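# only the shape, not the letters, is given here:
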């Protein structure tokens, strides 16, 4: 080994490691594992207004859809398949097709908004959450309000986000602490 170093070959191993690391990081980036750098494109939310809404959000779990005469539960389940695989780009496309044929499904609109938000498109998530809220007006959905507030904050609608977070902060439940912290972060 010492003979190789003396002959100038000692740099090969570190250079090979560096090249392999660079290739690995590039592949990881292309697969979408580096937020904001996926496939070499900035995430749509990279222009967060002063970092507003940059708090972490959890992926809403898929629950059994509320089926009505105007909603085909099997069609919604099929549309949610990419969402279940955490493929939010495909989920967005699938759910856009679903709500086009089932416009009265609050679940379809909710998961469409969640897919858009989780894929970094807060601007397009907002109208989907608005539609889900209108269609489920008789029920209060804290998770819907949390995600809607996040989308609003990320797109610069600070006052509506603050009002939504204030209501969640006053509501006992699993989102209360997170909503209070998020509301405080908007004061900066």
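Received, thanks. Everything quoted here is computed from the prediction, not taken from an experiment. Numbers count the residues shown, from 1 in each chain.
# how about residue 118, nearest residue that isn't a chain neighbour?
residue 88 (4.6 Å; Cβ to Cβ, 6 or more residues apart in numbering). Placement of C-beta: from N, CA and C, glycine included.
# pLDDT value on the one you found, please?
In this model, residue 88 is scored at 95, pLDDT.
# might one say that it is in contact with residue 115?
Yes: using Cβ atoms under 8 Å, residue 88 is in contact with residue 115, at 4.7 Å.
# show me this protein divided up by domain.
For the chain, automatic domain parsing gives the domain ranges 2-40, 48-185.
# mean pLDDT lowest for which of those domains?
Among the domains of the chain, domain 2-40 scores lowest, with a mean of 48.
# ok so, going back, tell me the contacts of the residue nearest to residue 118?
82, 115, 116, 118, 119 (Cβ atoms under 8 Å, 6 or more residues apart in numbering).
# quick one: contacts for residue 160?
By Cβ under 8 Å, 6+ apart, the residues touching residue 160 are 149, 152.
# distance of it relative to residue 104?
Counting by Cβ to Cβ, to the nearest Å, the gap from residue 160 to residue 104 is 24 Å.
# could you list the residues in contact with whichever helix or strand residue 116 is part of?
Using DSSP states H and E, residue 116 falls within helix 106-118. For helix 106-118, the external contacting residues (Cβ under 8 Å, 6+ apart) are 57, 59-60, 62, 65-66, 71, 76, 79-80, 83, 88, 91-92, 95-96, 98-99, 102, 122, 124-126, 128-129, 131-132, 135-136, 141, 144, 147-148, 150-151, 154.
# show me how to select, in ChimeraX, the buried members of those.
This is how ChimeraX selects the buried members of the contacts of helix 106-118, with burial counted by 16 or more other Cβ atoms under 10 Å:
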select :57,60,65,71,76,79,80,83,88,91,92,95,96,98,99,102,122,124,125,126,128,129,131,132,135,136,141,144,147,148,150,151,154
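# among the contacts of helix 106-118, which lie within helices?
76, 79, 83, 88, 91-92, 95-96, 98-99, 122, 124-126, 128-129, 131-132, 135, 144, 147-148, 150-151, 154 (DSSP state H).
# residue 122 against residue 148, yeah?
No: look at residue 122 against residue 148 with Cβ under 8 Å: they stay out of range, at 10.1 Å.
# neighbours around residue 55, how many?
17 (other Cβ atoms under 10 Å).
# could I get the phi/psi values of it?
Main-chain torsions, residue 55, degrees, to the nearest 10: phi -70, psi 160.
# check the one 4 residues further on too.
Note on residue 59: its backbone torsions stand at phi -70, psi 120 [degrees, to the nearest 10].
# that'll do, ta.
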